[in-house]
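*Asks:* fold the following for me, if possible:
(one chain, ligands or ions: 2)
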Amino acid sequence: MKILGIESSCDETAAAIVEDGYTLLGNAVATSMDIHAQYGGVIPEIAARSHIESIIPVIKEALEQAACTWDDIDGIAVTYGAGLSGSLLVGVMTARSLAITKQKPLYAANHVEGHVYANFLTQTPLPGYTLPSNQPSFPLLALIVSGGHSQLVLFRDHFDYTLLGQTHDDAIGEAFDKVAKVLGLPYPGGPSIGKKALEGNPLAFTFPKAKMPGKYDFSFSGPKTAVLRTIQELCGKPHDFPSFELAGLLSEPQKADIAASFQRIAVETVVDKTILAYKEFQPASVVIAGGVAASPELRKQLADRLPCSISYTDPKLCTDNGAMIANLGCFMAKHQRPLADPYTLGIEPNLSM
Ligand code: KG4
Ligand code: ZN
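*Replies:* Ligands and ions are numbered 1, 2, ... in the order given. Below is the predicted model:
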């Protein structure tokens, strides 16, 4: 069974072909990130326009990589939420049109569930991917950390899960992006903070970890504001001083120490709760999913502190991609999840787990 996955919820236009829920046959991504980087964050209108330009070439490229024709494709899965409305619409309308004209079953995929299913890809003939050798087992604890989500989810089985906790304000990736902006580091913030942190001392500053009422809930807005206040103090500037002018007043070693200290605290926050959940639920496997799952610091802290081994997927499959949606589509087909109506499927920008 071969499923075409289409993903366009944010700034990546992505399509992939996955076979049988574990083999990645083709994976193409076009990103408008370079344009957004000039503005320090995603501009929704630019993202939507870029999707329109890229979506057909990206689908064609995924089919070519997989050496597939439309006759080989058994179904189409598309992200219908959560995400930016204009971006989601392009993917959903494209998938609907293709499902009708090519007469394929259509699956409506939850973006965040998709991130988790990236970890179920174990084989590929494509060069340049490092995949886990085995699929994770249930019960499965998933730490989902991206630009839009910070969640701990316990899966008892496919499509049978409980949300243990989530962020009350910023997602961890969003906090990285905002702190990077104040430090004058390029978008996306996660990788640029990770890079800058290599030159800094992670113990130079002690930013507070948020204390939450929910055992597995997160908050990143407090630590993010603490960074801003620290920078204002270091620069001798009042709270109402324009934040975009602060980076120019910091030295490179100061920026590196702030990046390293913030990264340490943000990653520790999600690792602390993952370990707490591991102890309580004793899952058979733990996976990390979403763009921040590509972070070497997160992988290191988990490897050091988690009392079980954990296999990571390729960093290219942590940030938004079509492979995770195609693979989720494979499992939706296998488990006979309801089909979407290609004449009416709408978008759900605020879809939750
Ligand atoms: O999953 P994703 O591509 O999009 C969303 O669904 O949000 O995640 C994007 C987020 C951004 O906030 C970005 O800064 C972060 O993931 N990110 C990283 C890394 N690569 C992307 N954070 C830490 N380390 C990375 N290597
Ligand atoms: Zn994502």
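
*Asks:* if I look at residue 142, how far off is ligand 2?
*Replies:* 13 Å (Cβ to the ion, to the nearest Å). All C-beta spots, glycine's among them, are computed from the backbone N, C-alpha and C.

*Asks:* surely that residue is within a strand?
*Replies:* Yes. Applying DSSP: H, G, I helix; E, B strand; the rest coil, one finds residue 142 inside a strand.

*Asks:* now do the strands in this protein.
*Replies:* Per DSSP state E, the chain carries strands over the ranges 2-7, 12-19, 23-31, 75-81, 106-110, 140-145, 150-157, 160-166, 285-289.

*Asks:* nearest approach to residue 131 belongs to which of those?
*Replies:* Across those, residue 131 has its closest neighbour in strand 23-31 (7.6 Å, Cβ to Cβ).

*Asks:* let me know the outermost residue of the protein.
*Replies:* Among the C-alpha atoms of the chain, the one most distant from their mean position (Cα atoms, centre = their mean) is that of residue 236, at 36.4 Å.

*Asks:* phi and psi next, for that residue.
*Replies:* The phi and psi values for residue 236, taken as degrees, to the nearest 10, are phi 70, psi 40.

*Asks:* same check, this time on the one 5 residues further on
*Replies:* Per-residue torsions, residue 241: phi -70, psi 140 (degrees, to the nearest 10).

*Asks:* for it, give me the pLDDT.
*Replies:* Looking at residue 241, its pLDDT stands at 96.

*Asks:* could you do residue 78 as well?
*Replies:* Listed pLDDT for residue 78 reads 99.

*Asks:* which parts of this structure belong to which domain?
*Replies:* Taking automatic domain parsing as the domain assignment, the record places the domains of the chain at 2-136+315-334, 140-305.

*Asks:* which of these sits most buried?
*Replies:* When you average the neighbours per residue for each of the domains of the chain (mean count of other Cβ atoms under 10 Å), domain 2-136+315-334 leads with a mean of 21.

*Asks:* wait, does that one contact ligand 1?
*Replies:* Yes. Figure legend: domain 2-136+315-334 in contact with ligand 1 (Cβ under 6 Å from any ligand atom); contacting residues 10, 319, 320.

*Asks:* just how off-centre is that domain within its chain?
*Replies:* Centroid displacement of domain 2-136+315-334 relative to its chain, using Cα atoms, centre = their mean, to the nearest Å, is 13 Å.
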